[in-house]
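K.L.:
Predicted model and sequence below, questions to follow.
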Amino acid sequence: MRICILGATGLVGRETITLIARAWPGATLALFASRDQELALDGKSYEVLAASRLEAADAPRGDLAFVALDDEHSKRYVPRLLELGYRVIDKSNTFRADPKVPLVVAGANSDIVDDAVRLVANPNCTTIPLMLALSPLRRELGLSAVTVSTYQAVSGAGIATLDAFLAASRDGYQGLDRLGLPFKATGYAGNTVPHNGGTDESGFSSEERKLMFESRKILAMPALDVSAQCCRVGVAVGHYENAWITFERQVDLERVASILSNPAEAPFVKYLPGAAGEGLSALHCVQDRDRALVGRLRPDPRDRDRKSVCLTVVADNLRLGAATNAVRIATRWFKSADPDLQAP
Ligand SMILES: NC(=O)c1ccc[n+]([C@@H]2O[C@H](COP(=O)([O-])OP(=O)(O)OC[C@H]3O[C@@H](n4cnc5c(N)ncnc54)[C@H](OP(=O)(O)O)[C@@H]3O)[C@@H](O)[C@H]2O)c1
């Protein structure tokens, strides 16, 4: 089995290398990035080639490709990979809205990936864990409305932004006064800021629109009432989401907890009982990288019909929110040696 990773030197690409060794230990890896270089990772050195080499007439054909590039470069390379015979999982936004391309959360709607599918879009890093929590509940209770507020880690913006954030945090905390004035008011370090890239005439940012659009597409509920507000917090890895969910039927909290605690009903979810949210933090998910942590389940006090709950979902944006989901999608085509990475 020959597997390509495009964007292998980036945050998501590096995680993908590690996961491939677990899912398909015998696979031959071909790594690509912006230029020829060596990548040092986990005590090993990997040869990385310029992705433009894939455009050569004699570029090697292969079985599976993970693309962890920005939108512009995904648009350039995904068609070429398909031409070369690869099955492709693309992690950018480029193909998510294309009605011909399945948008898939492994464990939620991965049954739509069969042998006939050649290209799958991997959803946004906040959509994936939210769908893992919502889709099993929706099967039993029906879903009417979802409101979500996100607190997203800086690594969601890529390796260069993460490294700049770490350096600014180190400097800012060294000179710290009690107000945090040494930090830049518009920066990520020591701060919480709106996730406001791509804000359009609706007033919502592209991150917020992605979460709303993708939820509707994955759940196949084009009319679902969903609203999202997203911000970035000064955390390296781990996206935190607070959700208010209204179902079609009355909710028995014990039944909701039992669905979320059962891996056969809610795959890749770790349910944490208790409204106080013990064990539920951005850094807890970095210790449990391939699952969505779900907890703080409570009735929504505004709803006298007992159809609404509040809950919190936390997940590692680089792993469950990106690389792990992509690898699990591909296990629909190529069985994983590690059962934890096998999509149902
Ligand atoms: N980070 C997350 O939490 C997350 C979650 C879900 C989805 N995603 C999506 O996944 C994709 C990758 O994100 P990331 O965070 O891993 O980004 P990243 O850390 O910034 O890495 C970007 C990768 O793209 C490569 N690249 C840059 N210019 C290129 C070019 N001209 N030709 C070929 N390769 C080029 C870089 O290679 P060099 O090292 O050679 O520059 C690097 O390997 C993005 O579409 C992102 O939106 C990210």
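P.N.:
All right, it came through fine.
K.L.:
From here on, just use CA atoms for contacts and neighbour counts.
P.N.:
OK.
K.L.:
Kindly report the residues of the protein close to the ligand.
P.N.:
For the chain, the residues found near the ligand under the criterion C-alpha under 6 Å from any ligand atom are 7-13, 33-35, 51, 68-71, 91-92, 124-125, 155-159, 317-318, 321-322.
K.L.:
Please list only the buried members of those residues.
P.N.:
7-13, 33-34, 51, 68-69, 91-92, 124-125, 155-156, 317-318, 321-322 (16 or more other C-alpha atoms under 10 Å).
K.L.:
my guess is Ile128 contacts Leu320, does it?
P.N.:
Yes: at 7.4 Å, Ile128 counts as touching Leu320 under the criterion of C-alpha atoms under 8 Å.
K.L.:
tell me how far the ends of stretch 109-122 are from each other?
P.N.:
End-to-end distance for stretch 109-122: 12 Å, by C-alpha to C-alpha, to the nearest Å.
K.L.:
and that stretch, which residues are buried?
P.N.:
Result for stretch 109-122 [16+ other C-alpha under 10 Å]: buried residues Asn109, Ser110, Val113, Arg118, Leu119, Val120, Ala121, Asn122.
K.L.:
what's the farthest-apart pair in those residues?
P.N.:
Asn109 and Arg118 (16.2 Å; C-alpha to C-alpha).
K.L.:
tell me the helices in this protein, going along the chain?
P.N.:
With DSSP state H, the ranges of helices along the chain come out as 11-23, 71-83, 127-141, 159-174, 206-218, 253-260, 282-286, 324-330.
K.L.:
I'd like to know which of those is closest to Ile245.
P.N.:
The closest of the helices of the chain to Ile245 is helix 127-141. By C-alpha to C-alpha, the value is 8.7 Å.
K.L.:
Show me what that closest one is packed up against.
P.N.:
helix 206-218, strand 239-247, helix 253-260, strand 292-299, strand 308-315 (3 or more C-alpha pairs under 8 Å, 6 or more residues apart in numbering; DSSP states H and E).
K.L.:
Looking at those, which one is packed in the most?
P.N.:
Comparing those by mean neighbour count (mean count of other C-alpha atoms under 10 Å), strand 308-315 comes out on top with a mean of 26.
K.L.:
coming back round to it: I'd like the buried residues of stretch 109-122 laid out as CSV, including pLDDT.
P.N.:
Output for the buried residues of stretch 109-122, formatted as CSV (pLDDT from 0 to 100):
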residue, pLDDT
Asn109, 98
Ser110, 97
Val113, 98
Arg118, 98
Leu119, 98
Val120, 98
Ala121, 98
Asn122, 98
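K.L.:
out of those residues, who's nearest Gln342?
P.N.:
Distances from Gln342 to the buried residues of stretch 109-122, taken as C-alpha to C-alpha, are shortest for Ser110 (10.7 Å).
K.L.:
Distance check, the closest residue in space to that closest one that isn't next to it in sequence against Leu82.
P.N.:
Spatially, and ignoring its direct neighbours in sequence, Ser110 is nearest to Val104 (5.7 Å; C-alpha to C-alpha, 6 or more residues apart in numbering). Relative to Leu82, Val104 is positioned 18 Å away (C-alpha to C-alpha).
K.L.:
Who has more neighbours out of those two?
P.N.:
More crowded of Val104 and Leu82, by other C-alpha atoms under 10 Å: Val104, with 28 against 18.
K.L.:
so who does the nearest residue to Ser92 once chain neighbours are set aside touch?
P.N.:
With sequence-adjacent residues excluded and distances taken as C-alpha to C-alpha, 6+ apart, Ser92 is closest to Asp71, at 5.5 Å. Residues near Asp71 by C-alpha atoms under 8 Å, 6 or more residues apart in numbering: Ser92, Asn93, Thr94.
K.L.:
Now with 10 Å, please.
P.N.:
Counting by C-alpha atoms under 10 Å, 6 or more residues apart in numbering, Asp71 touches Asp90, Lys91, Ser92, Asn93, Thr94, Phe95.
K.L.:
Adding pLDDT, write the residues you listed out as a markdown table.
P.N.:
A markdown table is the format used below for the contacts of Asp71 (pLDDT from 0 to 100):
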| residue | pLDDT |
| --- | --- |
| Asp90 | 98 |
| Lys91 | 98 |
| Ser92 | 98 |
| Asn93 | 97 |
| Thr94 | 98 |
| Phe95 | 98 |
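K.L.:
Among these, which are located in strands?
P.N.:
In strands, defined here by DSSP state E, the members of those are Asp90.
K.L.:
Can you lay out the contacts of Asp71 as TSV showing distance to Asn191?
P.N.:
TSV is the format used below for these (distance: C-alpha to C-alpha, whole Å):
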residue	distance to Asn191
Asp90	31
Lys91	27
Ser92	26
Asn93	26
Thr94	30
Phe95	32
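K.L.:
Go through the contacts of Asp71 and say which is closest to Lys75.
P.N.:
Thr94 (6.5 Å).
K.L.:
Can you get me a residue count around the closest one?
P.N.:
By other C-alpha under 10 Å, neighbour count at Thr94 equals 16.
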